[in-house]
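Chemist: with the sequence up front, the predicted model follows.
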Amino acid sequence: MSDTASLAPVTLSRRQFLVAGTSATGAFVLGMPLPNLLAGDDSTERQLGFFIEVQPDGRVIIGTNQPEIGQGVRTALPMLVAEELDVDWDTVNIRAMPLGLIKTADGYTWKYGGQGVGGSTGLTSNWDFMREVGATARQQLIRAAAARWNVAPDTCNTEPGYVVGPTRGARLSYADLVTDAAALAVPEERPPLKAVAEYRIVGKHHKTIDARDIVTGKAKYGIDTRQPDMRFAVIARSPYLNGRPHSFDDSDARKVDGVLDVFEIEGPAPGEPYQILASGVAVVATSTWAAIQGRAALEIVWDRGPNANDSSDAFWAENARLLDGKGQVVVDDGDFDAAMTGVDTVVEHRYEVPFVNHAPLEPQNCYAFVEADRCHIIAPTQMPAGAIQSAAWATGLEPEHIHVEFPRVGGGFGRRLTNDYVAEAALISKKTGWPIKLQWTREDDVKHDFYRPAGTHEMRAGLNARGEVLAWTQRLASASKYYRRPNMPDENLWEAELYPDDVPRNIVPNVRLEYFHNAIGVPRGSWRAPAHTANAFVIQSFIDEVAHETGQDPLQLRIDLYGEERELAYANHGGPTFNPGRLTRLLEFVADRIGYGTGTPDGRGIGLASHFTFGGYAAHAIEVEVSDSGDLSIERIVAAMDCGYAVHPNAVEAQLQGGTVDGISTALGLQITVKDGQIEQSNFHDYPLARIATFPSRFETHILPYDETPTGVGEIGVPTAAPALTNAIFAATGKRIRRLPILDQLKA
Amino acid sequence: MISFRVNSEDVVFEGDERTPLLWVLRDHSDLTGTKFGCGIGQCGACTVLVDGRAQRSCITPISSIEGRSITTIEGLATSDEELHPVQTAWLEYDVPQCGFCQAGQIMATVDLLQRIPNPTDADIDAQLTNICRCGTYARIRQAIHRAAELQVGGGRDV
Ligand code: FES
Ligand code: FES
């Protein structure tokens, strides 16, 4: 994730800054005021960071402030506003709001609140805010009606689109009240919010807002950007990690019809933070295809740089070597060594989790037009604030002169938390003076990414004669995601890779976590549910192994470990507490649905896994069949999620389905490997995302509500899919998968 | 010079004849509903109908399109109101997440249902090889079955 701290946004405390006003078209608008407006800019839409507009004809427009990457936030957030405003959902139109960074006398502030999606926070961080926005607008309309009727506001109520008064037949439409409502000052006190039981829109099934535009090909993504005089650019980036062009011959490239310019792009020095990923040579042309052809015609001699000997083989060997020594102890509860001397059984295994690529289906792209005093950016991004920073770095312009638009995004998965491609496009536009559309090809994307970190996990547990786990250790040698972050001390590198409060901490009395850093030159970053994907695989596999090796049932051992419902301390993202009993509930549910323990035919097996990720709980039960020749077929999937309260159940289900697919696809066949300092994979033929045939028609997803507090849902469904799959493979075959991806290990 | 039809309109392309149909549609004809996902025929995001049959436009040189008739996602529906049954089924099951693959999935399904009007799950597994990175496969499967029903009921050709 880009570091946005240097913009130091001033936090507007929410409620007291909401104001009402009238738009140029006479609509009632509720939003956030802009302090210190530029002179002459006095239309109310500009003055208000607009969230709600009730138009004189009764139509309601609700603004969404968060990037839509397919997670449904563009539908879910307006649902919250519409619910509290009390309007019919089908009278609502949704309008995307641009990035609202403005400079005030006190520094930078966000006109529409913080804008960025990652860590499953898009909904949770806006849950109170959006409801208050809706409720505040409703109060304005009620007070306007009460004033007309000369009654007390608290004697009035609303029904969808109308204020209803205390006297018989007193009823005014919101449309009739827009002018009056706009003239009233917004009171200081917070408006009352509805009880969950009163919801008519939230918590109900609604279709995705843009689905019709998508299925008719009208939806516009960053890659679809068309602007006047736009030129097209691609970059030949160094195939060597930390390499750079030594020299290049562009004479053939310049002969390609449509090629306009060719020049070098300088990447970061080895070890420096990444503003862009690599050095290379840019080709600018009159069309995407001409740019691609021009690039193919370049003759580049690469300076292979300091990582030319990096390889996956050396990486895994180095991990093994590290694990034979002593690492950085980051958790040391009880007395692990003493406990291990007294135990009855010791179980110990190592697991390997590979680097993986994000591969959002829309390849990276960015439109940039840099002029002397301003810059216009249109980019698919999860972190628009980071896009401003990237463009500011590339252009030297002040953030307030950089205008960022963020259209619908063709997949995020964490890749677009980083805006390196924005910096690249801005560099090319600045150098040429032209409006530039930078296009990455799939090869660019597979070979240049902030990959999910790889690591080797050594697990060891000691059990007493009753089969109780008394001591537990996880020793991880990995390539930390925090590598090459600005201001990141080495002793903090582990924090991105081990989440200390995961199971079984605070459950098993003696727990030790130890970390070793392996500084291979592969760039790395946040991949959907970051380290939970590795840790859930390892922990949930190892619990299974402990159960089998001590003659216990894997489901029962988990239930014994998790225990009753209670809140345990959880200091990482998703805390401050974690209730392991909620995992038990989900596990028992999926086990029951799939018929766990009722016996499976030869060659079949059922695997289970459950995990707590960023505040949400998930469990998977998967049934597989493995033929004598080692062909794997997934017969049945039962997935369940407890996200507290499901605001937009349709999207929760979609995220659980998609997370399951992601987890299984990645476990089956995906890895990024390095040889001679270069990434070996290049496109979907050797980075084979799973297709529909992998997934059975018996694929159920269940949402188990828990309370009235929603958690994020975008990442929760991923981590448990892989271990449920490999546990099922063990149940079917007796073969334990300790190295991902599975590939042809079942054939051996 | 290559002449062909796109969504019932005549188009002439005068550039490099090796240019893939995908980039002619996107950069030349401004028909951006057809998506670029891989460029090597793997993902299917670029699927269009060429004379009614699904084809991956990223590996289709424009020279092979002389005189042919192309349907893209923009030209699939009869009108803004009357969608193709596959589009209708996609909406009923609310298939899209990010949506980027869906034009290709829909075009591939239109072709599939022309060849196999009532496909089994095994037919779908064997025939539909488009990638959805967001993992909408469960809903795609349901929507294909639904589209098959709608076509039998409402049945029309593309
Ligand atoms: S873009 Fe044509 S198959 Fe992927
Ligand atoms: S919906 Fe995102 S790739 Fe299919």
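Modeler: Looks like it arrived, so ask away. Ligands and ions are numbered 1, 2, ... in the order given.

Chemist: flag every residue of chain B that's near ligand 2.
Modeler: Applying Cβ under 6 Å from any ligand atom, we find that chain B lies next to ligand 2 at B:96-102, B:132-134, B:136. C-beta here means a position set from N, CA and C on the backbone, and glycine is covered the same way.

Chemist: same thing but at 5 Å, please
Modeler: Chain B comes close to ligand 2 at residues B:97-98, B:100-101, B:132-134, B:136, as judged by Cβ under 5 Å from any ligand atom.

Chemist: I'd like these laid out as CSV, including neighbour count.
Modeler: Listed next are those as CSV, based on neighbours: other Cβ atoms under 10 Å in any protein chain shown:
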residue, neighbour count
B:Gln97, 28
B:Cys98, 28
B:Phe100, 30
B:Cys101, 30
B:Cys132, 32
B:Arg133, 27
B:Cys134, 30
B:Thr136, 27
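
Chemist: now, which of those residues lie close to chain A?
Modeler: Contacts with chain A within those, as defined by Cβ under 8 Å from any Cβ of the partner chain: B:97-98, B:100-101, B:132-134, B:136.

Chemist: what's next to stretch A:444-451, contact-wise?
Modeler: By Cβ atoms under 8 Å, 6 or more residues apart in numbering or on different chains, the list of residues contacting stretch A:444-451 from outside reads A:234-235, A:237, A:239, A:274, A:277-278, A:355-360, A:363-364, A:415, A:418, A:440, A:522-527, A:672, A:678-679, A:681-683, A:687.

Chemist: and these, which of them are in strands?
Modeler: A:234-235, A:237, A:678-679 (DSSP state E).

Chemist: from those residues, which two are the most distant?
Modeler: Farthest pair in the ones in strands among the contacts of stretch A:444-451 (Cβ to Cβ) is A:Val234 and A:Gln678. Separation: 18.8 Å.

Chemist: so which of those two has more stuff around it?
Modeler: A:Val234 (25 against 19; other Cβ atoms under 10 Å in any protein chain shown).

Chemist: who does that one bridge with?
Modeler: Beta bridges link A:Val234 to A:Val283, judged by DSSP bridges.

Chemist: and the pLDDT at it?
Modeler: As predicted, A:Val234 sits at a pLDDT of 98.

Chemist: what of the one 10 residues further on?
Modeler: Each residue has a pLDDT score; the one for A:Arg244 is 98.

Chemist: now the strands: where do they sit in the stretch 301-450 of chain A?
Modeler: For the stretch 301-450 of chain A, the strands defined by DSSP state E, counting those that start in this stretch cover A:328-333, A:345-353, A:365-370, A:375-378, A:402-405, A:436-439.

Chemist: same deal with chain B?
Modeler: Listed in chain order, the strands of chain B (DSSP E) span B:2-6, B:9-13, B:47-50, B:53-56, B:69-71.

Chemist: need the contact list for A:Tyr645.
Modeler: By Cβ under 8 Å, 6+ apart, the residues touching A:Tyr645 are A:196, A:203, A:705-710.

Chemist: got the contact list for the residue in the stretch 51-200 of chain A positioned nearest to ligand 2?
Modeler: In the stretch 51-200 of chain A, the residue found nearest to ligand 2 is A:Gly70; the distance is 5.2 Å by Cβ to the nearest ligand atom. By Cβ under 8 Å, 6+ apart, the residues touching A:Gly70 are A:409-412, A:658, B:96-100, B:134.

Chemist: check A:Val178 too.
Modeler: A:22, A:26-28, A:54-56.

Chemist: out of the residues you listed, who's nearest A:Ile428?
Modeler: The shortest approach to A:Ile428 among those belongs to A:Ala27, at 40.8 Å (Cβ to Cβ).

Chemist: quick one: neighbours of residue 56, just the number.
Modeler: No chain specified, so I'll use chain A. Look at A:Pro56: counted by other Cβ under 10 Å, it has 16 neighbours.

Chemist: not quite, I wanted chain B
Modeler: The burial count assigned to B:Arg56 is 27, neighbours taken as other Cβ under 10 Å.

Chemist: which residue is the nearest non-sequential neighbour of A:Pro580?
Modeler: In space, and not counting its chain neighbours, A:Pro580 is closest to A:Tyr562: 3.9 Å by Cβ to Cβ, 6 or more residues apart in numbering or on different chains.

Chemist: same thing with A:Arg416?
Modeler: Nearest to A:Arg416 is A:Gln382, by Cβ to Cβ, 6+ apart, at 4.3 Å.

Chemist: what is the burial count for that neighbour?
Modeler: Neighbours of A:Gln382 under the rule other Cβ under 10 Å: 31.

Chemist: so is the lengthiest helix in chain B next to chain A?
Modeler: The single longest helix within chain B, with elements called by DSSP state H, is helix B:137-154. Yes. Legend: contact between helix B:137-154 and chain A by Cβ under 8 Å from any Cβ is shown at B:137-141.

Chemist: hang on, the earlier thing: quick one: which two of the residues of chain B next to ligand 2 are the most distant?
Modeler: B:Phe100 and B:Thr136 (10.6 Å).

Chemist: burial count for A:Asp90?
Modeler: Count around A:Asp90 with other Cβ under 10 Å applied: 7.

Chemist: okay, now the domains of chain B?
Modeler: B:2-75, B:85-154 (automatic domain parsing).

Chemist: the first one: end-to-end distance?
Modeler: One end of domain B:2-75 to the other measures 20 Å (Cα to Cα, to the nearest Å).

Chemist: roughly how far does the residue of the stretch 401-550 of chain A found nearest chain B sit from B:Arg133?
Modeler: Nearest residue of the stretch 401-550 of chain A to chain B (Cβ to the nearest Cβ) works out as A:Gly410 at 3.2 Å. In this view, A:Gly410 and B:Arg133 are 8 Å apart by Cβ to Cβ, to the nearest Å.
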